[in-house]
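Chemist: just need the structure, nothing else, for what follows:
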Amino acid sequence: MSQVLDIECCDLDIKNNSRNHHTELCGEERLIVRRGQPFNVILHLKAGSHEFQASETSVTFIVETGPLPRKESDTKVCFGLHGSTVDTEWSASATSDPSGNTVCVTISSSPNAPIGVYSLTVDQEGQKTNLGQFTLLFNAWCPMDAVYMQSEMKRQEYVLAQHGQVYRGTYKRIKGTPWNFGQFEPGILDICLKILDDNPKFVSDANQDCSARRNPIYVTRVLSAMINSNDDSGVLVGNWGEISDGVHPGMWIGSGDILHQWAESGPVHYGQCWVFAAVACTVSRALGIPCRVVTNFGSAHDTDANLVIENFYDEDGDRISEGDSIWNFHVWVDSWMTRPDLGQKYDGWQTSDPTPQETSEGIFCCGPASLTATREGELTMKYDVPFIFAEVNADVVDLVRLSDGQFVKFSGSTKSVGRFISTKAVGSDKRHDITHQYKYTEGSKEERQVYEKAQHHNKLQQRGEEPGLHLKIKLADNMIVGSDFEVCAVLTNNCMEAKTCTFLFFAKTVGYNGRPGESCGFSSDKVDVPPGEEKRLYLRVEYDSYGSVITSDRLIQLSVITIDKQTIDYHKAEKTIVLDEPEIEIKLEGEARVNQSMTAELSLMNPLPELLHDCSFTIEGVGLTDSKPITVTMGDVGPKQEAKASVGFSPSITGSSVLLVNFDSDKLKNIRSFSNVTVEEGACTEI
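Modeler: Have a look, this model is predicted:
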C-alpha cells in the first residue's frame, strides 16, 4: 500500500523563491514566481508521521488558474513526483530532511504555461489538501520562454527597472522626462491582473482567454486595447483638447496613481500618448514581459493607409483640413518576444501602441508589430505593420487644390517622418537612438527600395488586385451522411483598406457529372473586414434539407461569393464535398477452401434519422460466387439501428480473390466494402 503524507501545513518559502525568481521587490506577502523555473515548497508533517519515501508515496499535484480550469486548456495540470524535475513541462520532485519532519517539494512550471494566479493542491489517493496560491509570470531568464532575453543587463533594464525616461519635444529639442513605472509597488500586480480579467475577451470566453495568456503576443495585444478606454472600461481616457476637469496628462509623473485610481473608480481622466505608453510599460514589466518606451519624432498618422501624408492647401495657401497629420512626437512601447506565428526572422522587439488612433480588428489597439517587418516593409505581417511603417517612414506631399478641383503637387519630403527614434539607454539615463532598428538610413538606397516595395504592394491592395481579398472554405471533421454539420467560409482582407461587402454562402447537391441539383443550405451577412484581418461565415448543412435531394453520389457543392457593388468587386470560392458513408463490417466464418461452404456475416449501422426501406446486402467475387451476385434482403431498418445479414457462398477457385459487398436501400445506396480472401485447396476425403 502506498504511503500517505500527514501534512500539518505548507511553507511556500516565499523569501528564497522570490530571490531566485527576481520577484523579491514584490514583497513577501505571497509567492510570485516566473514560469519555466523551479520553486520550492516545504511540507511540514504532523508528529509521528511515517518517514517520507518517494518510492512509496502516491502524490499528485494539481495547479489551476482562471475561473474555469480545464486540462484541455492547460489551465489545469496534474503531475506526480519523479526523481527530478524537467524543464519542459509541469513536474515535481521531493526530498525529506534527516529528521523526517519536513518534505521539500521542488516544482517546475511549464515555460509555456498561462500566466496568472494559481492554486496548488496535493491529491493523495482522493484526499486533497490545499497548499496555497502562487502567481506565475513570464520569465525573461528562461531560455524556453517566449520572452527570454540573453543579456542580464537588458533584463535588469527592461523587466526590473522601476524608473525610466520618456522623451518628448521636437527632433531639434529632445527632452527626457523621468517616469516612475513602479511595477513592484504594493497592489500593482493585482491591478495588472485585473486589467486582463476586465478585458472583453475574458468576459466573453474566460476559458479561452486564460488559456491564451500563455502567449505574450496575445497578452500584449490585450494590453494595447485595455490601456485606453475607447472600447471598454480601460485604464485611461485620452484628451488632446482643452481640459477643464480631471488631471492634465502633463501632470502625471508615474503609473502607480493612475492604476490605483482605475482599480478604484474606473477610467482615469486624462492621458496622452506618453502616459498611455508609460502605463503599458509598467503593466508589461509587472507581468514579466521585457518592455521599453519609445518616442518617434516627426510621427505620421496615415488615416487612409496609402503610406503618404498629404497636406492640402487652397489657392490662397490656407491649409485645408484633412485626416492625415504629422505629430511632433509620438510615444509607444516595444516588447520583447518570439514570433512563431511569423517566423524566427521576426523575433525580438515588437511595437504596440495603446494610444487610440485607428481601429484594428474593430477595436482601438495596435500591434504587436515586428520591428524587423517594419524595417523591411513587410506590410502583410500582423499586427498593424502598415500603420507603424507609415508612422516612421511615410512620404510627405503638399498639394494645392485648384478652383476646378484638380490637385497640383508643389512640395514634399521623403525625410521628415521618423526622426531620432529614442528610448532610454540600458543602465543609464542617456538617450539611445534606435532609428536604425525601425528603418534603414534615411535617403539610403536600402530605405528607398523598402519604401518603394511597400508602396507598390500597397497600391496593388488599394486597387483590389492581388493579394486582395481571399476566400477559402473550411470543412468539419465528421461529415457523415445523415448528420448535420457546419462548414465555414473565411474571407481574408489582404488589402491596406477596410472592405465592406455582402458575404453569401450556398450549399447545393450535385451529381458526379457536375449537373447541379437542389439547394440544401444558405447563409449570408454584410461584413466589414479590417485590413489584414478575416471574417468568417458559418453555414449549417442539415439532413432535413439535403436528405431528400442528395444523389447516391452523396456530393454537395459549397460556393461562397463576396459582392462589393460599389467597386464592382466580386470574389468566389467553391468546393465539392462527398459525405462520409457508414462502414460495412465483414466477418468471414469458416475456412476458405475450394467447394467448401463459408459465410459472410455482414452488418451496417443506419446513420440516418429515419427508417430505411427495402434494405439488402449483395456479395460478389471472382471464384467465390460463381461470378454471380448473391443478394439477401432484410426489409426495413430503423434509424440508428443495425442492418445484419448472413450470406453463404462456396469458393470454386484457389488463390487470392476479393469479396465485394454492397448495401442498398431506398434512402442509402451504393455503400460498398470488400474483404480479401485467399482460397486454398479443398480438404482431401478418405476413401
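
Chemist: low-confidence bits of the stretch 201-350 of the chain, can you list those?
Modeler: Low-confidence segments of the stretch 201-350 of the chain (pLDDT under 70): 304-305, 314-319, 321-323.

Chemist: at 90 instead, please
Modeler: Applying pLDDT under 90 to the stretch 201-350 of the chain flags residues 230-233, 239-254, 297-329.

Chemist: where exactly do the helices run in it?
Modeler: Secondary structure of the stretch 201-350 of the chain by DSSP state H, counting those that start in this stretch: the helices cover 206-212, 216-226, 256-265, 273-287.

Chemist: count of neighbours near the nearest residue to S284 once chain neighbours are set aside?
Modeler: Counting by Cβ to Cβ, 6 or more residues apart in numbering, C291 is the residue found nearest to S284 once chain neighbours are left out, at 3.8 Å. C-beta here means a position set from N, CA and C on the backbone, and glycine is covered the same way. Residues lying near C291 (other Cβ atoms under 10 Å) number 30.

Chemist: so C291 bridges to which residues?
Modeler: S335 (DSSP bridges).

Chemist: so it touches L160, yeah?
Modeler: No: at 11.4 Å, C291 does not count as touching L160 under the criterion of Cβ atoms under 8 Å.

Chemist: would you confirm that I195 belongs to a helix?
Modeler: Yes: under DSSP: H, G, I helix; E, B strand; the rest coil, I195 sits within a helix.

Chemist: what sits against it?
Modeler: 223, 226-227, 234-235, 283 (Cβ atoms under 8 Å, 6 or more residues apart in numbering).

Chemist: per-residue pLDDT of it, please?
Modeler: In this model, I195 is scored at 97, pLDDT.

Chemist: what does L471 give?
Modeler: L471 is given a pLDDT of 86.

Chemist: ok, R554 next?
Modeler: 82.

Chemist: I figured it hits G482, correct?
Modeler: No: R554 lies out of contact with G482 (Cβ under 8 Å); the separation is 10.1 Å.

Chemist: how many neighbouring residues does E601 have?
Modeler: 13.

Chemist: got TSV for the contacts of I195, with neighbour count and distance to G655 too?
Modeler: Below are these laid out as TSV (neighbours: other Cβ atoms under 10 Å; distance: Cβ to Cβ, whole Å):
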residue	neighbour count	distance to G655
L223	31	72
M226	27	74
I227	31	77
G234	27	77
V235	29	80
V283	29	76
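
Chemist: mutual contacts of C291 and L160, please.
Modeler: Joint contacts of C291 and L160 (Cβ under 8 Å, 6+ apart) are R285.

Chemist: which residues are in contact with D433?
Modeler: Contacts of D433 by Cβ under 8 Å, 6+ apart are 420-422.

Chemist: ok so, going back, could I get the helices of the stretch 201-350 of the chain as a markdown table with distance to P38?
Modeler: Converted to a markdown table, the helices of the stretch 201-350 of the chain look like this (distance: least, Cβ to Cβ, whole Å):
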| stretch | distance to P38 |
| --- | --- |
| helix 206-212 | 23 |
| helix 216-226 | 21 |
| helix 256-265 | 31 |
| helix 273-287 | 20 |
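
Chemist: which stretch among those comes nearest M144?
Modeler: helix 216-226 (13.3 Å; Cβ to Cβ).

Chemist: and the closest one, C-alpha only, in PDB?
Modeler: Presented in PDB, the C-alpha positions along helix 216-226 are these (Å, rounded to 0.1, in the frame of the first residue of the first chain):
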ATOM      1  CA  PRO A 216       2.900  37.200 -24.900                       C
ATOM      2  CA  ILE A 217       1.700  38.200 -28.300                       C
ATOM      3  CA  TYR A 218      -1.900  37.800 -27.100                       C
ATOM      4  CA  VAL A 219      -1.300  39.500 -23.800                       C
ATOM      5  CA  THR A 220       0.400  42.400 -25.400                       C
ATOM      6  CA  ARG A 221      -2.500  42.900 -27.800                       C
ATOM      7  CA  VAL A 222      -5.000  42.800 -25.000                       C
ATOM      8  CA  LEU A 223      -2.900  45.400 -23.100                       C
ATOM      9  CA  SER A 224      -2.800  47.600 -26.200                       C
ATOM     10  CA  ALA A 225      -6.600  47.700 -26.100                       C
ATOM     11  CA  MET A 226      -7.100  47.900 -22.400                       C
END
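
Chemist: which residues touch that helix?
Modeler: By Cβ under 8 Å, 6+ apart, helix 216-226 touches 115, 138, 146-147, 195-196, 198-199, 201, 212-213, 231-232, 234-235, 280, 283-284, 287, 289, 335, 337, 339, 341, 350, 352-354, 363-368, 383.

Chemist: buried ones from the contacts of D433, can you make that a ChimeraX selection?
Modeler: Here is the ChimeraX selection string for the buried members of the contacts of D433, based on 16 or more other Cβ atoms under 10 Å:
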select :420,421,422
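
Chemist: of the contacts of D433, closest to T359?
Modeler: For the contacts of D433, the nearest to T359 is I421 (24.4 Å; Cβ to Cβ).

Chemist: so the closest one touches V293, yeah?
Modeler: No: using Cβ under 8 Å as the test, I421 is too far from V293 to be in contact (11.6 Å).

Chemist: out of the contacts of helix 216-226, which are buried?
Modeler: For those, buried by 16+ other Cβ under 10 Å: 115, 138, 146-147, 195-196, 198-199, 201, 212-213, 231-232, 234-235, 280, 283-284, 287, 289, 335, 337, 339, 350, 352-354, 363-368, 383.

Chemist: give me the subset of those lying in strands.
Modeler: In strands, defined here by DSSP state E, the members of the buried ones among the contacts of helix 216-226 are 335, 337, 350, 352, 363-364.

Chemist: state the pair within those residues that is farthest apart.
Modeler: M337 and F364 (21.9 Å).

Chemist: residues near C192, how many?
Modeler: 20.

Chemist: checking my notes, it in a strand, right?
Modeler: No: checked against three-state DSSP, C192 lies outside a strand; its state is helix.

Chemist: check contacts around it.
Modeler: C192 neighbours (Cβ under 8 Å, 6+ apart): 183, 259, 282-283, 286-287.

Chemist: at 10 Å what do you get?
Modeler: 137, 183, 223, 259, 263, 282-287 (Cβ atoms under 10 Å, 6 or more residues apart in numbering).

Chemist: now, the most widely separated pair of those?
Modeler: L137 and A263 (19.0 Å).

Chemist: good, we can wrap up now.
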